[in-house]
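[1] Sequence and predicted structure are below.
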Amino acid sequence: MGTESSPKIVIVDESPIRAAILEEGLREAGFTSVAHISEMQSLLARIYALDPDVIVIDLENPSRDVLEQMFQVSRAVRRPIAMFVDQSDAASIQASVDAGVSAYIVDGLKKERLKPILDLCISRFNAFAKLQDELERAKSALEDRKVIDRAKGILMKLKGLTEDEAYVLLRSTAMREKKKIGEIAQSILTASELLK
Amino acid sequence: MTTPVHIGFIPLVDAAALIVAVDKGFTAAEGLDVTLVREVSWSNVRDKLNIGLFDAAHLLAPVAIASSLGIGHVKVPIVAPFNLGLNGNAITVSPALHGAIMAEIDGDPFDPMATALALSRVVATRRKSGADPLTFGMTFPFSTHNYQLRFWMAAGGVDPDEDVRLVVLPPPYMVESIASGQIDGFCVGAPWNSIAVDRGVGHILHFVADILVRAAEKVLAIRQSWSDKNPEVVAALIRATFLAAEFIERPHNRAETARLLAQPARIGVDAEVIRRTLDGRLKILPDGTMRESSRYLLVGREGAARPDPAQAAWLYAQMVRWGQASISLEALKTAKAVFRADLYDAALEHTAKPATPDASDAVGAFAGPAFDADDIAGHLAAFRIGHPKS
């Protein structure tokens, strides 16, 4: 197949950001031939048009079952594929399922050549999940801050407190009730809505 | 003390017994703390069951057998001590293909032999005119849908590997794909056939009960090693799903069942659509034509929940017929042993169970001789079309 230098890799992923992160990682590692499919309609035909040696897919993608069809030889399947894992590779399948990614090799490519590609995908998928997690946390921290600011304003107005005093009141109430300060702030907002 | 159990499922109506077992508290009453995890693909369910992220799963019966045989993927022995449903699928075709079949049909449109013969004439006409072969969607290579479509069309002389294209599509994409003309028909479980009819893009041609009187569909699948280590948990799961199946089958519980299944975290479609499947009363044409069948989906009644090794043998025979598995007595024995009626019987020893009707033929296919679970080679010899491994 003339792919000794760099196997052709196709990333099937509906998330453009994650696909970009993966693609970048693969290119950095010297895999120069990387393509991305984000559209799941006629997936098999799209894959055949690109004729890859390796297919990488995220596990949240229902189209993963479409790839399973390529294990079989039939009219619809021209080059059969295999999932990377085999009987002796329990650790590999565990790691990839945990990370949420799966890789398939198309007929002809040696299995050992896929291992570094899969390992890289696993680490990039994990990195992406971490990034998303941090983003979520940053978002909710920002939300909390907005809620706290509004609650402080209400306390300052109703009780004639300074900003610092309002914050101390929120914090001590949260500690006493074993709740997050954001939750106390939210209940003040809710109460003031009700009492309007 | 409660035992945590993780169970994967695909949002389909035949996961009903599992969902109701958990959401009506039957599993909790057995001391189980079950977490149901909704999945997006059968490959995921299989892999997560294989590596132990799931203790049990709602699984296509043929996947449990393929996994135990080590075909198509890693070999992991699976046991199926409870059958979650018999039948439940339907074949839906586009309005255009429906019209073409009805123009060619000679006989009753609900007779699968008549429609299969009509399909073969449609296929021949298309070939002569140089049109693309018809494309049918099914859900997985090792699926009842794949085998049911193949069995039906091959009976009419259509070779599923030569004369048409069969493609795997995730169930939620079936309706989109038939609407956009990428496929001409599909075989899938509920609620997707009804959704295609409601959207006016599909006509239900057959209930699978037209093709096979009794067809094992989804099973409660458990890794054999886990089952061996946790026999009490397995027995508790069987009892809980059994009670759920009994609950579902009582007509006055149908509305509540449909409501439970319709929850966004469960199946997440309109309760009314789910209700049609449970009642076996389906709108088959966009103009509102209804069709009723008492055999549309069996969850527990007529002994449906008791695993029948003859069903496993029939599924294995289809794998042989279509070249997925080699034929051997050993493999046949392994396939049959996946369906563990003994575990079902032991768990429900002191419970009154619905009787399985006496039938000389466990499957009741519309074509070919009565199924002989002990002689796969002899049985398959009766079918002209097939692509066994050479």
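    Cool, the structure landed.
[2] Please make it C-alpha for all contacts and neighbour counts, starting now.
    Will do.
[3] Low-confidence ranges, the chain, go.
    In the absence of a named chain, chain A is used. Counting by pLDDT under 70, the low-confidence segments of chain A come to A:1-5, A:72-90, A:108.
[4] my bad, chain B
    B:1.
[5] The most centrally placed residue in chain A and residue A:103: what is the separation?
    Among the residues of chain A, the one closest to the centroid is residue A:129, at 4.5 Å (Cα atoms, centre = their mean). Going from residue A:129 to residue A:103 by Cα to Cα, to the nearest Å gives 18 Å.
[6] Check residue B:164 too.
    Taking Cα to Cα, one finds residue B:164 at 29 Å from residue A:103.
[7] Ok, residue B:219 next?
    Relative to residue A:103, and taking Cα to Cα, residue B:219 is found at 27 Å.
[8] which residue of chain A sits farthest from its center?
    Furthest out from the centre of chain A (Cα atoms, centre = their mean) sits residue A:160, at 46.9 Å.
[9] And it, its phi and psi?
    Phi and psi for residue A:160, reported as degrees, to the nearest 10, are phi 60, psi 40.
[10] quick one: buried residues of stretch B:147-163?
    Using 16 or more other Cα atoms under 10 Å in any protein chain shown as the test for burial, stretch B:147-163 gives B:147-161, B:163.
[11] CA atoms only for that stretch, dumped as PDB, please.
    Output in PDB follows, covering the C-alpha atoms of stretch B:147-163 (Å, rounded to 0.1, in the frame of the first residue of the first chain):
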ATOM      1  CA  TYR B 147     -31.200 -12.000   9.700                       C
ATOM      2  CA  GLN B 148     -34.900 -11.300   9.500                       C
ATOM      3  CA  LEU B 149     -34.500  -9.000   6.400                       C
ATOM      4  CA  ARG B 150     -32.200 -11.600   4.800                       C
ATOM      5  CA  PHE B 151     -34.600 -14.500   5.600                       C
ATOM      6  CA  TRP B 152     -37.600 -12.600   4.100                       C
ATOM      7  CA  MET B 153     -36.000 -11.500   0.900                       C
ATOM      8  CA  ALA B 154     -34.100 -14.700   0.200                       C
ATOM      9  CA  ALA B 155     -37.400 -16.600   0.400                       C
ATOM     10  CA  GLY B 156     -38.600 -14.700  -2.600                       C
ATOM     11  CA  GLY B 157     -35.400 -15.300  -4.500                       C
ATOM     12  CA  VAL B 158     -33.500 -12.000  -3.700                       C
ATOM     13  CA  ASP B 159     -29.900 -12.600  -2.800                       C
ATOM     14  CA  PRO B 160     -29.200 -10.100   0.100                       C
ATOM     15  CA  ASP B 161     -25.500 -10.000  -0.700                       C
ATOM     16  CA  GLU B 162     -25.800  -9.800  -4.500                       C
ATOM     17  CA  ASP B 163     -29.100  -8.200  -5.500                       C
END
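[12] touching chain A at all, it?
    Yes. Against chain A, stretch B:147-163 shows contacts by Cα under 8 Å from any Cα of the partner chain at B:161-162.
[13] surely residue A:184 meets residue A:173?
    Yes. Counting by Cα atoms under 8 Å, residue A:184 touches residue A:173, with 7.5 Å between them.
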